[in-house]
Structure formats: structure tokens, C-alpha cells
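Engineer: I need the structure of the sequence given here:
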Amino acid sequence: MLVLLVTLSACGLRLDTPPPPVPTPGPTESARAEFVSATQDLIEQARSAAQRAEGDLAAELNALAEATQEHLEAMGGTWTPPPRPSSPGNATPSGSPGNATPSGNSSTQPQATAEDVLGTLTDLTENSEVLAQDIWSGQTATLIASITVYRDGARHRLRAELDQNDEPAGEPAQLPQDLGSAATELCRTLDGLGYAYEVRAARSNGDHRTEAAQRAEGYRTLARQVAEAAGLAGTESDPRSASYDIGTDLAETITSWQAELVPAWLALIGDAQPQDRPVLLSHAQEAAVRAGLPADTAFPGLRQS
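Structural biologist: Got it, this is the predicted structure:
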């Protein structure tokens, strides 16, 4: 017995010491795990629905599943606890985070429909308050915003494939009071679009002219608001101009500039206050819908650092 006690002491083990507690994830990893779980469910649902769809609808669902798989990999998967020192009788409890398994099982779940996928996308894109949590780094918040922009675009495309009237776009909330100097590019692009639509209005008539004029006023007004919030208005750094080079193909120029708005809005999210991020996201979503981004672009507006 004396020899056994000496041996255990030499190994650094004490008979009267309880096993170390099971590590638990912090707030960030808990939120990440919840986001990842919803992403896994969306992949399974889209793949299931694609099996009973045809043509363009099946292609859209398959593209959604592939892009969502990229989202899952980019988010880094679920949290797993660090290894604990082993001790006699200290087996990892079956309920520990390290042994957690996804609750979904595609082999036992009923087959999903495209309508089911549309409902899930609607729930995920309307819950933009996930960005308002102060647990995310700027880089992760921007990544989540890009993923949400993709999901919102997929939602609009699915509605079109299912012959459902797209819901009218709501008015984005008021801009944050401080956007910072990084908004210079955004301000210039918004103002340029305002000018481009002024030209379109001048070349049109009837309802087309009215619509173009309204778009022009909206973009010019938003550019002014961005300039004021970024501290650019009335300074030499103000990028706004009375006119812009719109090239020879006005429609192509408008499409190109609308697409440039998506990364310009997302570029502000990383440095924004958490409570301001959902507002910036709503503007990025609106810009993406107007630009008509393709289904195979998994991370719209996300720039390589």
C-alpha cells in the first residue's frame, strides 16, 4: 500500500482531489454554436427539398446547399472542450460539449419542401439582431453579415421560383450618427447612382421617368446623410460631385454601381457599434436585391483582407 501511494504521488495524482470541472463554452462560442446549428439544418433542408424539385428550382436549392456548406466551414464549426487530464474513474460525461451531436437526422426527418426552405430563410434573415450582440469581433460580424445577405438573396430568388409576389421593401432604419471616414467610397457610389438615375429620368417618360426620378432623389438623399454621418459634408474630403462619368451603357453602369454598394456597406460593419450593425446590414441587403447577385456567390460583398 505504501508503494502504491508513493507511485500515485509521483504521477501527480491525489486520491483526495476531485476531477477538474467540465469546460463550458463562453458566450461567443455558445452563439457561434447556435449559428452553426441553424446553418447545418438549412443545408439538410435545402438538399432534401432539391431531391423533389426540378429545373431552375432544383438548381436554386442545390446552389443554396453548396453555398451554405461554405458558410458552415467559414464559421469554424462547433465548440469542443480542451482535453482534461485523465484520472482514475474520470471518464468524460456523456452530456459534455465534446460529445454533443447534431440533433437533426436527415434519415429520420420528413422530406422538406421548397416552401419549408423559404420559411427557414425568412426566419434567419429577419433575425438580424444576432449582429447586435457585443460578442462578435469586427471580422466575424462582417462574415455573418455577408452570409445573411446571401440568405436574403436566396429568399428573394426562391419566392420568384415559387411564383410568390415579393414583399415590398421596408424603409431602412435611420443611419448611425457616426460612420467614420471609411464611408467615403459608399458616399461617392450612392451619389453617383443618384446622378445616373437623374440621367435615366431625363431620357425616359411616363411612369419610367417618375420611377427613375424617385430613385435619383433617394440615392442623392442617402448620399447626403452618409456624408453628414461620416463628417465629410462641407469638407475637402466630400466625394460628392454634380456629375459623374456614366459611360456609354447607362444600364450597365447602374448595375455595376449597385453591386459596389454591397461591399461598401459591409465595410462599415466591422468598426460599427454592435447596435448599429443591423441597420447597416439592412442597407446591404437592399443593395444586394437591387443588384441581383448570383446564387453561386456564397459571400456577397466580402472583401479579402
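
Engineer: drop to CA atoms for contacts and neighbour counts, all remaining ones
Structural biologist: Noted.

Engineer: what's the distance between Thr148 and Pro239?
Structural biologist: When distance is defined by CA to CA, to the nearest Å, Thr148 is 29 Å away from Pro239.

Engineer: which one of the two has more residues nearby?
Structural biologist: Thr148 (24 against 18; other CA atoms under 10 Å).

Engineer: I'd say the more buried one and Glu126 touch.
Structural biologist: No. Assessed by CA atoms under 8 Å, Thr148 is found out of contact with Glu126, at 9.2 Å.

Engineer: ok, the closest residue to Ala112 other than its chain neighbours - contacts?
Structural biologist: Among residues not flanking Ala112 along the chain, Ala49 sits closest, at 4.9 Å (CA to CA, 6 or more residues apart in numbering). For Ala49, the contacting residues are Ala58, Leu61, Gln111, Ala112, Thr113, Ala114, Val117, by CA atoms under 8 Å, 6 or more residues apart in numbering.

Engineer: and of those, the nearest to Pro263?
Structural biologist: Leu61 (24.7 Å; CA to CA).

Engineer: Check the gap between that closest one and Gly192 for me.
Structural biologist: Applying CA to CA to Leu61 and Gly192 gives a distance of 35 Å.

Engineer: Can you pull the domain assignment for the protein?
Structural biologist: Per automatic domain parsing, the domain ranges recorded for the chain read 29-76+112-164+273-305, 180-267.

Engineer: Can you show me the strands along the stretch 51-200 of the chain?
Structural biologist: Using DSSP state E, counting those that start in this stretch, no strands are found in the stretch 51-200 of the chain.

Engineer: any low-confidence regions in it?
Structural biologist: Low-confidence segments of the stretch 51-200 of the chain, defined by pLDDT under 70: 77-109, 168-170, 172.

Engineer: let's see it at 90
Structural biologist: Applying pLDDT under 90 to the stretch 51-200 of the chain flags residues 76-110, 125-130, 165-174, 177-178, 180-182.

Engineer: Can you give me the neighbour number for Glu260?
Structural biologist: Residues near Glu260, counting by other CA under 10 Å: 19.

Engineer: and Arg303, which of the three is it?
Structural biologist: coil (DSSP: H, G, I helix; E, B strand; the rest coil).

Engineer: one step back: check the offset of the host helix or strand of the residue nearest to Ala112 from the chain's centre.
Structural biologist: Ala49 is part of helix 27-51 when elements are defined by DSSP states H and E. Centre-to-centre, helix 27-51 and its host chain are 13 Å apart (CA atoms, centre = their mean, to the nearest Å).

Engineer: Many thanks, we can stop here.
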